[in-house]
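J.: got a sequence here, can you model it:
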Amino acid sequence: MSDVRIGIIGGGLMGRELVGVCGRWDLLIDHPSRPRVVAVADPAPAARDWFSHVDSVTTLSDDWRTLVESDDIDVLYIAVPHDLHEEIYTAAANAGRDFLAEKPFGIDLGAAERIVTAIDASTAFVRVSSEFPFYPGAQRAYAYAASGALGDLLDVRSGFWHSSDLNRSKPINWKRRSDTCGAIGVMGDLGLHVAHLPLRLGWHPQSVYGRLDDVVQQRPGPDGTPVACDTWDNALLVCATRPQAGGRDFTMLWETRRIAPGHANTWFIDAMGMDGGVQFSTREPTLLRRFRMDGSEQVWEEIQPGNVSAWPVVSGAIFEFGFGDALLQMWASFLAERAEALGDRFGTATPTEALESHRVFDAALRSWQTQALAFP
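T.: Residues are numbered from 1 along each chain as shown. Model (predicted):
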């Protein structure tokens, strides 16, 4: 098992979650790598101070360049606002640093294209954060769809709904400003989660009609004075989609909602074909629903996927799986693939998938602006 020294650029929530992931690493069976967070860079003293209690952390810096230039770090985790993606991601790629990046991989399509160009020209191993497809039920849904059991596809819905912005008095932050989050708004913040599994299945949108909604247009600023909240809160994308393996086009909906009453943090996939179907939602993580034809009868069945992960763990299969487990599995996938030991297991989202999703989101934005179909 090789030791992997990780430097975090951006000491917010997901950087802190990574400390927890490293602390639970012994749950994995026979993984080739062992990660340790050794350095953190963030301009905010309070963000850096949180990591001062982590024994493995030996470097705290206010400058991300310190970590990019350090030979004492093997992998970077870069979790910063979208307007900083291009500068930091391209610098890391140009330095040949392996890194796990946060979505959407640039504040706009042009930035995403330049980032991928830099990565392609480098020796860096790069993947993009998207943890929800690592739920056991999502893995089973993926495998069932990939097997061809659905037959001629009819409809696919992939979505991420949560209620983080349901409270109108919630103070404004960088995700609610277009200059830091991007003109694609919620699609950039949540969209790769929705795109990851469909794109991996070869379901590529050919045209897009976007319905975007700016629900809360003002939020309290630092002093309580209302400030313009100019990002899209909710987005519904109607995509005409063609299977990679061939066949007729079908309809695919991608849904991203920051304001979804009744949902705390719900990710789901729902795919239906002439011969079969599959449904999974993190709101009911212990259930996978499958449809199949038995002669002329339509049969729905419920399966309990249990705690059967992409990378095996010591926990018994009867125990329930949660968000922290999904993060552990995503990091296990990333580091195993980096070590060329992933095998045929489900992989972390790729720069190519992030770029394709960006093209779809850009098309959705153009569609809404023109009230017409747009093409990625």
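J.: all strands of the stretch 101-250 of the chain, in order?
T.: 126-128, 153-162, 203-213, 218-220, 226-228, 234-243, 250-257 (DSSP state E, counting those that start in this stretch).
J.: in its sheet, what does the fourth one sit against?
T.: By that I understand strand 218-220. strand 226-228 (antiparallel) (DSSP bridges).
J.: follow-up on the earlier one: which of the strands of the stretch 101-250 of the chain sits most buried?
T.: Highest mean neighbour count of the strands of the stretch 101-250 of the chain: strand 126-128, a mean of 24 (counted as mean count of other C-beta atoms under 10 Å). In this view, the C-beta of every residue, glycine as well, is placed from N, C-alpha and C.
J.: for residue 367, which of the strands of the stretch 101-250 of the chain is the nearest?
T.: Closest to residue 367 of those, according to C-beta to C-beta: strand 203-213, at 4.2 Å.
J.: would you mind getting the angle between that closest one and strand 153-162?
T.: 50 degrees (axes from the mean of the first three to the mean of the last three C-alpha atoms, to 10 degrees).
J.: counting by contacts, list what strand 203-213 packs against.
T.: The helices and strands touching strand 203-213, judged by 3 or more C-beta pairs under 8 Å, 6 or more residues apart in numbering; DSSP states H and E, are strand 234-243, strand 250-257, helix 351-370.
J.: between strand 250-257 and that strand, find me the angle.
T.: 40 degrees.
J.: surely residue 69 touches residue 95?
T.: Yes: the pair residue 69 and residue 95 qualifies as a contact (C-beta atoms under 8 Å) at a distance of 6.9 Å.
J.: who's more crowded, the two?
T.: residue 95 (16 against 12; other C-beta atoms under 10 Å).
J.: number of residues surrounding the residue lying closest to that one once chain neighbours are set aside?
T.: Spatial nearest neighbour of residue 95, excluding adjacent residues (C-beta to C-beta, 6 or more residues apart in numbering): residue 68 at 5.4 Å. Other residues near residue 68 come to 21 when the count uses other C-beta under 10 Å.
J.: ok, residue 68 - contacts?
T.: 9, 76, 88, 91, 92, 95, 97 (C-beta atoms under 8 Å, 6 or more residues apart in numbering).
J.: any regions of the stretch 1-150 of the chain where pLDDT drops low?
T.: Scanning the stretch 1-150 of the chain for pLDDT under 70 picks out no residues.
J.: let me have the strands of the stretch 101-250 of the chain in a markdown table, adding distance to residue 42 as columns.
T.: As requested, the strands of the stretch 101-250 of the chain are exported to a markdown table (distance: least, C-beta to C-beta, whole Å):
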| stretch | distance to residue 42 |
| --- | --- |
| strand 126-128 | 21 |
| strand 153-162 | 25 |
| strand 203-213 | 32 |
| strand 218-220 | 24 |
| strand 226-228 | 23 |
| strand 234-243 | 29 |
| strand 250-257 | 27 |
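J.: who's residue 101 bridged to?
T.: Going by DSSP bridges, residue 101 forms beta bridges with residue 78, residue 128.
J.: that one touches residue 126, doesn't it?
T.: Yes: counting by C-beta under 8 Å, residue 126 is a contact partner of residue 101 at 6.3 Å.
J.: quick check: neighbours shared by these two?
T.: 89, 351.
J.: re earlier: from the contacts of residue 68, which is closest to residue 329?
T.: residue 76 (20.1 Å).
J.: could you chop the chain up by domain?
T.: Domains of the chain are assigned by automatic domain parsing as 2-128, 133-310+350-370.
J.: closest one to residue 323 among these?
T.: So among those, domain 133-310+350-370 is nearest, using C-beta to C-beta, at 7.8 Å.
J.: gap between the two ends of the closest one?
T.: Using C-alpha to C-alpha, to the nearest Å, the end-to-end distance of domain 133-310+350-370 comes to 33 Å.
J.: same question, stretch 261-278
T.: 24 Å.
J.: in it, what's buried?
T.: 263, 266, 267, 268, 269, 270, 271, 272, 273, 276, 277, 278 (16 or more other C-beta atoms under 10 Å).
J.: between the residues you listed, which is nearest residue 132?
T.: After measuring those against residue 132 - C-beta to C-beta - the closest member comes out as residue 267, at 4.0 Å.
J.: start to end distance for stretch 255-275?
T.: 25 Å.
J.: same question for stretch 34-51.
T.: 19 Å.
J.: now do the helices in the protein.
T.: 13-23, 45-50, 64-68, 85-94, 109-120, 136-146, 178-181, 186-200, 323-338, 351-370 (DSSP state H).
J.: pick the most deeply packed of these.
T.: Comparing the helices of the chain by mean count of other C-beta under 10 Å gives helix 186-200 as most buried, with a mean of 26.
J.: output that helix as PDB, nothing but the C-alphas.
T.: Extracted C-alpha coordinates of helix 186-200, given in PDB (Å, rounded to 0.1, in the frame of the first residue of the first chain):
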ATOM      1  CA  VAL A 186     -27.300  25.900 -10.500                       C
ATOM      2  CA  MET A 187     -26.300  23.800 -13.500                       C
ATOM      3  CA  GLY A 188     -22.600  24.500 -12.800                       C
ATOM      4  CA  ASP A 189     -23.000  23.900  -9.100                       C
ATOM      5  CA  LEU A 190     -25.000  20.600  -9.300                       C
ATOM      6  CA  GLY A 191     -25.000  19.600 -12.900                       C
ATOM      7  CA  LEU A 192     -22.200  17.100 -13.200                       C
ATOM      8  CA  HIS A 193     -23.800  15.000 -10.500                       C
ATOM      9  CA  VAL A 194     -26.800  14.700 -12.900                       C
ATOM     10  CA  ALA A 195     -24.700  14.200 -16.000                       C
ATOM     11  CA  HIS A 196     -22.100  11.700 -14.700                       C
ATOM     12  CA  LEU A 197     -24.100   8.500 -14.900                       C
ATOM     13  CA  PRO A 198     -26.000   9.100 -18.100                       C
ATOM     14  CA  LEU A 199     -22.800  10.200 -20.000                       C
ATOM     15  CA  ARG A 200     -21.000   7.100 -18.600                       C
END
